[in-house]
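Engineer: Quick one: sequence and predicted model below, then my questions.
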Amino acid sequence: MVIKRRRAFLSLTAVVAAAALTVPLLGVGAISAASAAAKPRQATTSLPRNETLYSTGMSYTAGNFNPNQPGNYSFGTEGLLYETLYLYNPIKNTYIPWLAQSGSWTTPTTYALTIRNNITWTDGTPMTAQDVAFTINLASTDPGIYYSSLAADVKSVSVTGTDSLVVTFNHPSSEDWQQFLYSDPILPQHIMGTWSNTELNTSMNATPVGSGPFTLYSTNAEEVVYTVNPKWWGTTDLGVHFAFTYWANITSPSNNVSLSDLLQDQVDLDNNELAGISTLVASPISTGNLSGTGGFNLETYYPKSPYMLSANTVWLEPNLIKAPTSNLNFRKAVAYAIDPQQIVQIDYAGIVAAANPTGLMPSQFPYLDKAALAKYGFSYNVALAKKYLAMSGYKHQVVTIECPTGWTDWMGGIEIVVNDLKAVGINAKAYFPSYAARTSDLEDGTFDFALDNNATIAADPYAYFYREFRLPISKVQSAQDNMERANNPTAWALVQKLNSTPPTDTSARLALFGQLETIELQTLPEIPLWYNGAWAQYNTSVWTNWPSSTNPSNQYTPVTWGGWLGNMTTILAVAQLKLAS
């Protein structure tokens with residue numbers, strides 16, 4: 001699951017504007033306009049600049065290298081230290097064998113897996129199929145492990161050789177297992193097999209022993225530094241090399257400091273959301289020695305809007321157990337009244353894209369039912385909004401739209417939505433409570449509308465619909481599951497059927513997804529608005545050949561967040577980097 005990251009937001013727009021206005025006139029020295037507003041961070045570990053990759057944007061608890069604590073471990077724990085069986089490439093919508101050499105369904109309920117035979121843990125111990133079996137079996141032996149839900153699917157794990165095993169399932173379980181293959185790292189049995197369940201879930205694992213391409217070099221409250229693992233299996237098996245020796249990830253106290261670090265070559269990859277970055281990327285310059293896509297040696301995945309890859313769907317979440325948002329015609333009026341392009345251009349300056357009415361991610365468009373979209377989809381249409389509002393009978397009802405205070409981009413989006421709704425006669429008001437209060441509103445069902453974001457990017461829309469239609473509904477809903485309280489047993493039965501449909505039965509799966517999309521478009525349990533960006537800005541002064549839609553040699557994910565660095569293709573992205581001339 002993607003965790004929405006927010007940092008303290010100062011006057012970043014002013015910094016961007018100042019830099020954009022002065023640099024074309026004064027050349028390199030004029031970047032001092034940005035540094036005057038925010039002093040750049042100073043490295044706490046002395047490293048050679050031409051051997052070090054600096055990144056920022058991944059929050060972490062200093063010194064925590066326990067891969068069993070997703071969302072709380074230090075940068076690099078998953079991906080640099082501990083690795084998964086497969087990687088998932090959302091850009092190409094493909095899986096890449098990683099620790100696994102091969103894997104396949106031999107029957108609808110058995111999966112045969114072979115891992116590579118030359119993998120060693122960093123203490124020199126060989127990795128074997130026993131480590132994989134141990135990791136899978138923790139789902140049933142440790143109820144506190146974060147992937148314990150897998151226990152309901154797995155019947156047994158049989159080790160058939162040093163590097164091979166067979167997993168038998170209680171029933172076809174394609175979705176849960178497929179997610180495990182690229183989401184959950186393999187653990188060293190010879191170390192963690194001696195830990196208690198409490199240690200497995202709470203230990204800081206200060207001296208990590210992993211299998212990955214890097215080893216821990218140093219760590220403190222401000223940064224964590226890794227160095228290349230000279231005995232990593234990927235060098236011989238895949239020919240993957242790194243042009244740098246050290247990878248340092250640093251924390252920034254504010255977006256201003258983060259931008260200043262980026263502009264002054266202190267950071268190479270920034271995964272924070274930097275409002276106004278499109279202005280800098282697109283700014284031409286003909287003075288001084290600055291060069292690149294824009295005048296600041298900055299690049300993004302796309303050279304023009306939306307600049308960023310999409311990370312998840314932001315939707316307007318209605319409360320389906322409370323009037324007037326429980327009224328379908330009222331929800332239709334709201335859906336037709338909102339112009340997402342206003343949010344894209346005004347709130348985000350073009351660094352995001354408007355969402356498809358189904359909310360499916362761009363990588364999931366192969367599962368899009370175009371006939372259902374054409375028949376039941378919605379788009380900005382004031383006349384239809386007024387028509388459905390009249391049919392609802394709720395013209396004068398006041399509704400609030402909320403998100404946590406401090407989430408400045410979402411707050412700006414809500415203000416635009418409020419104005420759109422007022423233009424068709426809906427009396428809407430923005431409401432910005434604390435994060436805790438907003439979470440309580442969603443869990444208790446005491447809200448009207450709220451902005452929320454869907455489950456993380458995935459190979460297919462299963463997780464999306466799982467979250468949208470999960471039953472049963474409790475008085476207090478758990479975080480992120482069916483917060484809108486859609487009581488649709490038909491849809492939930494289709495979601496469950498998906499999980500038990502073999503992945504090889506493509507036609508059946510497409511039909512199930514099409515039925516869910518039809519239900520969604522007809523009933524509007526959510527109103528998709530835009531795609532949150534996979535925020536990534538690169539400085540090309542020290543390292544070049546970054547991921548780009550125009551770079552055929554590097555079309556991988558440029559994101560270091562948990563759930564991306566170790567699960568997707570960021571490690572392959574940085575392996576393509578070259579030292580700048």
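Structural biologist: Noted; the coordinates are in hand. Numbering: from 1, shown residues only.
Engineer: need the longest strand for the chain.
Structural biologist: Longest strand in the chain by number of residues (criterion: DSSP state E): strand 309-318.
Engineer: which strands and helices sit next to it?
Structural biologist: Where contact means 3 or more CB pairs under 8 Å, 6 or more residues apart in numbering; DSSP states H and E, strand 309-318 is packed against helix 328-337, helix 408-423, strand 449-453, strand 527-534. For every residue, glycine as well, the C-beta is placed using N, CA and C.
Engineer: Of the ones you listed, give the one that comes closest to residue 115.
Structural biologist: The closest of those to residue 115 is strand 527-534. By CB to CB, the value is 29.3 Å.
Engineer: before we move on, the earlier item: chain center to the longest strand of the chain, what's the gap?
Structural biologist: 11 Å (CA atoms, centre = their mean, to the nearest Å).
Engineer: Please save the CA atoms from that strand in CSV.
Structural biologist: Included here for strand 309-318 are C-alpha records, laid out as CSV according to Å, rounded to 0.1, in the frame of the first residue of the first chain:
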residue,chain,number,x,y,z
LEU,A,309,4.4,8.6,-13.5
SER,A,310,1.1,7.9,-11.7
ALA,A,311,1.2,6.3,-8.3
ASN,A,312,-2.4,5.9,-7.1
THR,A,313,-5.9,7.3,-7.7
VAL,A,314,-7.3,10.1,-5.7
TRP,A,315,-11.1,9.9,-5.5
LEU,A,316,-13.9,11.8,-3.9
GLU,A,317,-15.3,9.4,-1.3
PRO,A,318,-19.0,9.8,-0.5
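Engineer: mind listing what it pairs with, with the direction of each?
Structural biologist: Each strand that pairs with strand 309-318, with its direction, by DSSP bridges: strand 449-453 (antiparallel), strand 527-534 (antiparallel).
Engineer: What are the boundaries of the strands in the stretch 151-300 of the chain?
Structural biologist: With DSSP state E, counting those that start in this stretch, the ranges of strands along the stretch 151-300 of the chain come out as 154-161, 164-169, 214-219, 223-228, 246-250, 269-270, 298-299.
Engineer: Contacts for the fourth one, please.
Structural biologist: Contact with strand 223-228 is made by 43-45, 47, 60, 62, 74-76, 80-81, 213-219, 242, 244-251, as judged by CB atoms under 8 Å, 6 or more residues apart in numbering.
Engineer: Now stretch 241-256: average pLDDT?
Structural biologist: Stretch 241-256 shows a mean pLDDT of 92.
Engineer: same thing with stretch 224-233?
Structural biologist: Confidence over stretch 224-233, taken as the mean pLDDT, stands at 97.
Engineer: Please spell out which residues along stretch 379-386 are buried.
Structural biologist: Taking 16 or more other CB atoms under 10 Å as the neighbour-count basis, stretch 379-386 is seen to contain the buried residues 380, 384, 385, 386.
Engineer: Which one of the residues you listed is nearest to residue 580?
Structural biologist: Of all the buried residues of stretch 379-386, the one sitting nearest residue 580 is residue 380; the distance, using CB to CB, is 44.1 Å.
Engineer: for that closest one, helix, strand, or coil?
Structural biologist: Per DSSP: H, G, I helix; E, B strand; the rest coil, the local secondary structure of residue 380 is coil.
Engineer: how about it, what does it touch?
Structural biologist: Contacts here follow CB under 8 Å, 6+ apart; on that basis residue 380 touches 336, 337, 338, 339, 340, 341.
Engineer: switch the cut-off to 7 Å
Structural biologist: Shown here is residue 380, whose contacts under the criterion CB atoms under 7 Å, 6 or more residues apart in numbering are 336, 338, 339.
Engineer: Just give the number of residues close to the first one.
Structural biologist: When neighbours are defined as other CB atoms under 10 Å, residue 336 has 23 of them.
Engineer: does it really touch residue 383, like I thought?
Structural biologist: No: with contact defined as CB atoms under 7 Å, residue 336 does not reach residue 383; the gap is 8.3 Å.
Engineer: looking at this, residue 133 is in a strand?
Structural biologist: No: following the definition three-state DSSP, residue 133 is helix and is not counted among the residues of a strand.
Engineer: That one and residue 435, how far apart?
Structural biologist: To residue 435, residue 133 is 40 Å away according to CB to CB, to the nearest Å.
Engineer: Tell me which of the two has more neighbours.
Structural biologist: Set side by side, residue 133 and residue 435 give different neighbour counts by other CB under 10 Å, the larger being at residue 133 (20 against 14).
Engineer: so who does the residue nearest to the more buried one when sequence neighbours are not counted touch?
Structural biologist: Beyond its immediate neighbours in the sequence, the residue positioned closest to residue 133 (CB to CB, 6 or more residues apart in numbering) is residue 157, lying 4.6 Å away. Remark: with contacts taken as CB under 7 Å, 6+ apart, residue 157 is in contact with 133, 136, 137, 165, 167.
Engineer: With adjacent residues omitted, what lies nearest to the last one?
Structural biologist: Right, residue 167. Skipping the residues right next to it in sequence, residue 167 comes nearest to residue 111 by CB to CB, 6+ apart, at 4.6 Å.
Engineer: same thing with the third one?
Structural biologist: Closest residue to residue 137 apart from its sequence neighbours, by CB to CB, 6+ apart: residue 157 at 5.9 Å.
Engineer: quick one: terminal-to-terminal distance for stretch 453-469?
Structural biologist: 15 Å (CA to CA, to the nearest Å).
Engineer: What are the contacting residues of that stretch?
Structural biologist: Contact partners of stretch 453-469, identified using CB under 7 Å, 6+ apart, comprise 1-2, 4, 88, 90, 93, 175, 178, 311-315, 359-361, 363-364, 367, 480-482, 486, 488, 491-492, 495, 498, 513, 516, 520, 525-526, 532, 563.
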